[in-house]
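Chemist: no FASTA, just this:
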């Protein structure tokens, strides 16, 4: 276990539940690659942020990069969304990057991937309300409405609180 703050450890605990709910959505939608949660980063990250609203994690948007051994550089692979809290990245959809090369051994296949916020694979371009505004263009439905649909698929006893960005 990482030596993170109690808040980060609680966010990880929420992340386990959020990941399970997002996996359920991916199975229902039956989208190719959905088992690795490719394309679910914004929904998953927003869903986790709403579940963990008491912790006030930051919704982040940017790029995910792969390390290129020949050039000794990182090159952008995909746009991506994740959460940050207390200097840590908490990413419930990093499993879509299990094929990525890294300079240092990393296990992106974890259900909830956690690393320091200075991880070179993640390049943040927007955060908070600005990130949510950018992501709003990715889906026909609002992220919060999508989160409500994910919650409806979750166990009935777990109710998602609706929060404004």
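Modeler: Arrived safely. The structure presented is a predicted model; accordingly, all values stated were derived computationally and were not measured.
Chemist: and the nearest residue to residue 76 once chain neighbours are set aside, how many neighbours does it have?
Modeler: Leaving aside its sequence neighbours, residue 76 sits nearest to residue 63 (C-beta to C-beta, 6 or more residues apart in numbering; 4.5 Å). C-beta: built from backbone N, CA, C; applies to glycine. Counted with other C-beta atoms under 10 Å, the neighbours of residue 63 add up to 16.
Chemist: now do residue 57
Modeler: When neighbours are defined as other C-beta under 10 Å, residue 57 has 25 of them.
Chemist: low-confidence ranges in the chain?
Modeler: For the chain, residues meeting the criterion pLDDT under 70 lie at 1-2, 31-35, 105, 155-165.
Chemist: same thing but 90
Modeler: Low-confidence segments of the chain, defined by pLDDT under 90: 1-4, 23-39, 69, 96-110, 136-165.
Chemist: quick one: the strands in it?
Modeler: Applying DSSP state E to the chain gives strands spanning 58-68, 73-85, 88-91, 113-116, 122-127.
Chemist: closest to residue 13 out of those?
Modeler: Closest approach to residue 13 among the strands of the chain (C-beta to C-beta): strand 88-91, 10.4 Å.
Chemist: contacts for the closest one, please.
Modeler: 2, 4, 8, 11-12, 15, 41, 45, 48, 57, 60, 82-84, 112-117, 119, 122 (C-beta atoms under 8 Å, 6 or more residues apart in numbering).
Chemist: now with 7 Å?
Modeler: 4, 8, 11-12, 15, 57, 82-83, 112-117, 119, 122 (C-beta atoms under 7 Å, 6 or more residues apart in numbering).
Chemist: counting neighbours, which of the residues you listed comes out on top?
Modeler: residue 82 (29 neighbours).
Chemist: state the distance from the residue nearest to that residue when sequence neighbours are not counted to residue 107.
Modeler: Once flanking residues are discounted, residue 82 sits nearest to residue 91: 4.1 Å by C-beta to C-beta, 6+ apart. Distance of residue 91 to residue 107, given as C-beta to C-beta, to the nearest Å: 12 Å.
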